[in-house]
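Asks: My questions concern the predicted model and sequence given below.
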Amino acid sequence: MKGWQTTVISWNNTSIITETPLPNIVSAGDTIVISDASWMYAGRTNNNQLVFEVPNCNGLPIQMIGRSSNSNGIEGPIDQSFIGRYTVQGNVGSLLDSRLPPQPNFALEAPGDGTLLLHGISIQTLIGTTTVSEAVLVTYAVDETTMPITVVLSVSLGANDLILPIGGLEGTPPKSYLQIDNEIIQIVDISEDGLSYDLNRALAGSSAGVHLRASIATILETQLTVVPLGQGFFTSKNQDTFHYTIVIPDRKMVASQLCLVNSKGFGLSESICYLTDGTNGIHTYDGKTVILQISTNLSVKADAAASLTIERGRSVRDIQALWTSLPLVEALSLQ
């Protein structure tokens, strides 16, 4: 019954003895809730809402008691705090997801400081997003501080070909991801007879195309990043201003994929390829500028500026030379 509570002193299989007698309004058919004495701390809040975890067990009754406190942290007497009751519906209802999360939209950009910025995560429906608390981002990239690992395609590859003779990309290990022209391809495995590769074509938003003999296949790095979103992300104001920074300097990103994760598992991923429309990927340069300046006339033909030692491998985007006047006879070359 609602509005009355007391303390149980003792009980047996047929009777319960309470500290105070039952009120006169109790009659046959009324429900009296008896809660476990081993209270568990659920949390603290300064507003009218509190989120906490309970066992996912269908039909399990949960007893809750809320106690107020003052600015000194002194709580009100427990016997003056009313008990509430909730029955866990376990894998049904609105508190849990009944299906996988939807396919998201997202944006990825390189600010020029050696990082990637993930933002603009949005969805078309809230179904399947109640328990979404994280996303998984997969990137496909080339390290621009070293020479890329490349293989020459020794045979042509049609747009619909899913098998390639083993000599076509000789020495390439299975499970590798490759960029050939503007397409991303995965070598799934070597066939049972050991004579060919099984291919997975048009990955990460790229399109299958015809690749001629002697085309260059570049082996790609893949990186998986778990992006924390927080419970209730798509119903909070944080979604509009959310951004997540990934430190991954000096890479050329050719594609990325993002999927959401809820209590049911991984949803469909959205893919973006950065090799289309004449672009050649997005670059996570560190954004450094190095200036070698000579304030006097150049009287030598080589090594006009002092040598420069870089502390680690870096990729170079632009090289510029500025001078006040050109030599009258010989041309000036930049090396």
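Replies: Good, I have the coordinates.
Asks: and stretch 190-199, which residues are buried?
Replies: Neighbour-count burial for stretch 190-199, counted by 16 or more other Cβ atoms under 10 Å, picks out Ser196, Tyr197, Leu199. All C-beta spots, glycine's among them, are computed from the backbone N, C-alpha and C.
Asks: quick check, nearest of those to Glu53?
Replies: For those, the residue nearest Glu53 by Cβ to Cβ is Leu199; the value is 44.8 Å.
Asks: That closest one touches Val188, doesn't it?
Replies: Yes: taking contacts as Cβ atoms under 8 Å, Leu199 lies within contact range of Val188: 6.5 Å.
Asks: what pairs with the helix or strand of the chain with the lowest mean pLDDT, and is each one parallel or antiparallel?
Replies: Ranked by mean pLDDT, DSSP states H and E, the weakest helix or strand in the chain is strand 83-87, scoring a mean of 78. The sheet places strand 83-87 alongside strand 61-65 (antiparallel), with pairing taken from DSSP bridges.
Asks: Just the C-alpha atoms of the strand it pairs with, please, in CSV.
Replies: Output of strand 61-65 as CSV, limited to C-alpha atoms (Å, rounded to 0.1, in the frame of the first residue of the first chain):
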residue,chain,number,x,y,z
PRO,A,61,11.3,-5.8,-8.1
ILE,A,62,13.5,-2.9,-7.2
GLN,A,63,12.9,-0.9,-4.0
MET,A,64,14.0,2.7,-4.0
ILE,A,65,14.2,5.3,-1.3
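Asks: Quick one: distance of stretch 197-216 to the chain centre.
Replies: Offset of stretch 197-216 from its chain centre (Cα atoms, centre = their mean, to the nearest Å): 26 Å.
Asks: Using TSV, please lay out the buried residues of stretch 190-199 together with pLDDT, distance to Gln231 and secondary structure.
Replies: Formatted as TSV, those follow (pLDDT from 0 to 100; distance: Cβ to Cβ, whole Å; DSSP: H, G, I helix; E, B strand; the rest coil):
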residue	pLDDT	distance to Gln231	secondary structure
Ser196	89	48	strand
Tyr197	91	43	strand
Leu199	93	40	strand
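Asks: which among these gets closest to Val151?
Replies: Taking Cβ to Cβ as the measure, Tyr197 is the one of the buried residues of stretch 190-199 closest to Val151, at 11.4 Å.
Asks: residues in contact with that closest one?
Replies: Counting by Cβ atoms under 8 Å, 6 or more residues apart in numbering, Tyr197 makes contact with 163-166, 168-169, 172, 174, 187-191.
Asks: give me that answer again for 7 Å
Replies: Residues in contact with Tyr197 (Cβ atoms under 7 Å, 6 or more residues apart in numbering) are Leu164, Ile166, Leu169, Ile187, Ile190.
Asks: what about the nearest residue to Gln103 once chain neighbours are set aside, neighbour count?
Replies: Nearest residue to Gln103, sequence neighbours excluded (Cβ to Cβ, 6 or more residues apart in numbering): Leu268, at 4.2 Å. Neighbour count for Leu268, taken as other Cβ atoms under 10 Å: 12.
Asks: Number the chain from 526, please
Replies: Got it, the first residue is 526 from now on, which makes the last one we talked about Leu793.
Asks: And the residue nearest to Leu737 when sequence neighbours are not counted, how close does it get to Thr539?
Replies: Nearest in space to Leu737, with sequence neighbours left out and distances taken as Cβ to Cβ, 6+ apart, is Ser681 at 5.3 Å. Noted for Ser681: a distance of 88 Å to Thr539, by Cβ to Cβ, to the nearest Å.
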